[in-house]
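>>> no letters, just coordinates:
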């Protein structure tokens, strides 16, 4: 069996550093398997979050060789094993211990977004009639597994730490899922512009690149929301937008 | 002891589908509600559910209705189900699904815009409300996003290690928070267990680290009764290769969409063994089976969609008799539908997107082109806390249970899709009745001696590390899982299970000496050590109940008693803690069925 070395960040809010762990690797292993193997051996108190181990729950986010990844979906066969594999916690949120960060801000910020408010039911039995294509349109956003990798790479959060002014790509996707929900009648546009800081996003698309669910975050969620903001709140610009889009 | 204390009317332990639904209902009834979850919100096992929510809405086939759903559930459960629970479940599931839609869930649609329903094993008509193959995510996210606006207090990444009692009732819970390792006391006159399953007692499982039978063990230790503990569902289709993904679930939806099981000889072996109880409703040729999956109402379902217990055993048989796939499973083929459908690859990717993704990413297999290799994986616990069918209250006043850790609805085997509906129907009922109980009873008295003892017990693994340097918890957990898989797995027999009991004694001794390094801050080694006693308790309960049931029925298959036994068909096995702390096993007659329900069973035969 082959051996590989994993450089894992160990530490807490006071500080820390990388520790080398050599371990056996076998066919089909993912990074999370290696972490578990190390945890069952030399590092029994190694802190790591995980649940489903199948890319469905979004718990095991980390930076593997500097790339934001779900550890359960990163196969060792896709990494160069002749050099150490570095694993460190995501950076947009304060570290708790080792690979675990305090992501509670995401849950608190989400709560401020106005909740789903459906139109009155379409049928006397209290149900709605919805076309499949209207379901399909927002499905993309509803696939989000809340791994927060998009939050991790967003420079507004990662470098500028504007957590109190900007909700980040994940929550913009959440807002888009609500705004484009076929039944929803709530209006979140003013909140998005003023409180949630959608203007801070300058469309670098870093979030889209790292999304493990393949959600086209910038193009399909954020830009349409930005357009709504412009349309609703900055009416004079509306004309310019129309000119640009060639719709007169 | 000086530690954070919270007081609620209703404390919910667990934040999967059942816990969230219970919390929402209790809160709506005016109760002050706290929810404790081992993981972050939205990560519970519900998120893994793929196929759908079973509810007889009759949107796709108007012959469906609660009676058919009830009869299907009872038949699937080998008639050991609590009939009143199965009745309530079948009657209330449609409203619970529609309610989710009112809270923002989006399901796939019929051509006229109603909720689409799909075929699933053991369900006579298309019954599962779904969204692609990620229904669980849609459901948990809907409950989560609705729940956070209901005034519920969430304690994420907290684990309860003991239920606090006073004068024969539950009055709260003791636990710790992961982040700093501090202890916490929750006072509440009503406590709802919604902790899910016990999958971590076995080595091949679709369950995550959380599923260590906490609710089962907490209830048992507090004096509540468990029931049907011998029935552990081995889902027929888990991934088998590569080794690191062994056990990860492959949804039954693959078979619902026309996927077929073949052995190494290319034979569809499921046609070889169709149980008499299902002969009337199962296709006897491949053509008819295919037509069924494509919505032909005249066709009967293919044998791949027989109940999970049966399909799992047929797979084990093929492998044992040397007709398995290279890595010890069988082949599940959905790619073949390209012979029948234009644009089959796109169709598969649309209907089974996460399966496509999972095999592509983890096994390097394109399921639109080649077959998958699959084999049974520990998936679901039918057994659990014995509850009153109306209120979900256990035999211990103030203690409720809902979802997987409760029992009664599924009997000897659960039908696919009946879990998500179970969570909703009985989560709601538990929340409603717990709120009522709390109103009627008021808070109890917290016994500080119990709190102190719980804290001392929880800290012992660190002290042992300092003094004895005992072994770590992971190797003990691993040995337990391997032992249970080998000796109390899919095929059971008396001698092996007796051996398992002996090994459990040794494992418990080791667990009592387990030691952990480090400190209390987010220390998974410590958490694993504290989970071990729960795993040992449920493993013992499973083994003793399985020994007691000297027959094969539903999920229990005994090599030494390979047939059904009529007498056992009228008995449930009860597990309770005896006065000296020993585990007691009792047989009790199954609950009686009302004449109306008996008539329904006859009518649906």
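Cool, the structure landed. No experiment lies behind these values; they were computed from the predicted model shown.

>>> quick one, domains of chain A?
Structural domains annotated on chain A: A:2-101, A:104-244, as defined by automatic domain parsing.

>>> out of those domains, which comes closest to chain B?
Ranking the domains of chain A by proximity to chain B (CB to the nearest CB) places domain A:2-101 first, at 2.0 Å. Just so you know, the C-beta spots here come from the backbone N, C-alpha and C atoms, and that holds for glycine as well.

>>> pLDDT value on residue B:343, please?
Model confidence at residue B:343, expressed as pLDDT, equals 95.

>>> tell me how many other residues crowd it.
10 (other CB atoms under 10 Å in any protein chain shown).

>>> same deal with residue B:443?
Neighbours of residue B:443 (other CB under 10 Å): 15.

>>> for residue B:373, grab phi and psi.
Note on residue B:373: its backbone torsions stand at phi -100, psi 130 [degrees, to the nearest 10].

>>> which residues sit in contact with the residue most central in space within chain B?
Taking CA atoms, centre = their mean, the centroid of chain B lies closest to residue B:380, which sits 3.5 Å from it. Residues near residue B:380 by CB atoms under 8 Å, 6 or more residues apart in numbering or on different chains: B:197, B:199, B:232, B:233, B:235, B:404, B:414, B:419.

>>> and it, which of the three is it?
Using DSSP: H, G, I helix; E, B strand; the rest coil, the structure places residue B:380 in strand.

>>> now the one 5 residues further on
State at residue B:385, reduced to three classes by three-state DSSP: strand.

>>> which element is residue B:425 on?
Here residue B:425, judged by DSSP states H and E, is contained in helix B:418-441.

>>> in that helix, what counts as buried?
B:418-438 (16 or more other CB atoms under 10 Å in any protein chain shown).

>>> intersect the residues you listed with the contacts of chain A.
With respect to chain A, and counting by CB under 8 Å from any CB of the partner chain, no part of the buried residues of helix B:418-441 is in contact.

>>> residue B:387: neighbour count?
Residue B:387 is flanked by 31 other residues according to other CB under 10 Å.

>>> can you give me every residue that contacts it?
Residues counted as contacts of residue B:387 (CB under 8 Å, 6+ apart) are B:393, B:394, B:400, B:401, B:402, B:406, B:407, B:408, B:426.

>>> so where's the stretch 451-600 of chain B uncertain?
Scanning the stretch 451-600 of chain B with the threshold set as pLDDT under 70 gives B:468-469.

>>> can you give me the strands in it?
Residue ranges of the strands in the stretch 451-600 of chain B, as given by DSSP state E, counting those that start in this stretch, are B:491-492, B:557-558, B:571-577, B:583-589.

>>> distance from the first one to the middle of the chain?
The reference is to strand B:491-492. For strand B:491-492, the distance between its averaged C-alpha position and the chain's averaged C-alpha position is 20 Å (CA atoms, centre = their mean, to the nearest Å).

>>> how long is stretch B:401-418 end to end?
The first and final residues of stretch B:401-418 sit 17 Å from each other (CA to CA, to the nearest Å).

>>> in the stretch 401-550 of chain B, what residue comes closest to chain A?
As assessed by CB to the nearest CB, chain A sits closest to residue B:518 within the stretch 401-550 of chain B, at 3.2 Å.

>>> spatially nearest residue to residue B:577, not counting backbone neighbours?
Using CB to CB, 6 or more residues apart in numbering or on different chains and skipping residues adjacent in sequence, the residue nearest residue B:577 is residue B:220, 5.8 Å away.

>>> which parts of chain A are helices?
Ranges of helices in chain A, per DSSP state H, are A:31-40, A:104-112, A:132-142, A:149-153, A:155-158, A:168-179, A:189-194, A:206-210, A:223-233, A:235-244.

>>> which of those helices is buried the deepest?
Counting by mean count of other CB atoms under 10 Å in any protein chain shown, helix A:149-153 has the highest mean neighbour count of the helices of chain A, with a mean of 27.

>>> which bits of the stretch 451-600 of chain B sit near chain A?
Taking CB under 8 Å from any CB as the criterion, the stretch 451-600 of chain B approaches chain A at residues B:472-475, B:478, B:516-519, B:521-526.

>>> same thing but 10 Å
B:465, B:472-475, B:477-478, B:515-529 (CB under 10 Å from any CB of the partner chain).

>>> which of those count as buried?
B:465, B:472-474, B:477, B:515-518, B:520-529.

>>> residues near the residue in the stretch 201-350 of chain B positioned nearest to chain A, how many?
Here the stretch 201-350 of chain B gets closest to chain A at one residue, residue B:242, 2.0 Å apart by CB to the nearest CB. Summarising burial for residue B:242: neighbours were counted as other CB under 10 Å, giving 19.

>>> also the one 10 residues further on?
The local packing count at residue B:252 equals 29, with neighbours defined by other CB under 10 Å.

>>> now do residue B:223
Around residue B:223 there are 16 residues (other CB under 10 Å).

>>> in this structure it contacts residue B:581, no?
No: contact between residue B:223 and residue B:581 fails when scored by CB atoms under 10 Å: they sit 11.2 Å apart.

>>> in helices, which of the contacts of residue B:387 appear?
Using DSSP H, residue B:426 are the members of those that sit in helices.

>>> can you list the residues of the stretch 301-450 of chain B near chain A?
Going by CB under 10 Å from any CB, the residues of the stretch 301-450 of chain B near chain A are B:350, B:353, B:354, B:357, B:358, B:361, B:362, B:363, B:364.

>>> out of these, which is most surrounded?
Using other CB under 10 Å as the neighbour criterion, residue B:358 leads these with 26 neighbours.

>>> look up phi and psi at residue B:338.
Note on residue B:338: backbone dihedrals following degrees, to the nearest 10 are phi -60, psi -20.

>>> what is the neighbour count of the closest residue to it other than its chain neighbours?
Taking CB to CB, 6+ apart, and ignoring the residues beside it in sequence, residue B:338 has residue B:344 as its nearest neighbour in space, at 3.8 Å. In terms of burial, residue B:344 registers 18 neighbours under the definition other CB under 10 Å.

>>> equivalent analysis for residue B:4, please.
11.

>>> got a list of what it touches?
Counting by CB atoms under 10 Å, 6 or more residues apart in numbering or on different chains, residue B:4 makes contact with B:155, B:177, B:182, B:183, B:184, B:185, B:186.
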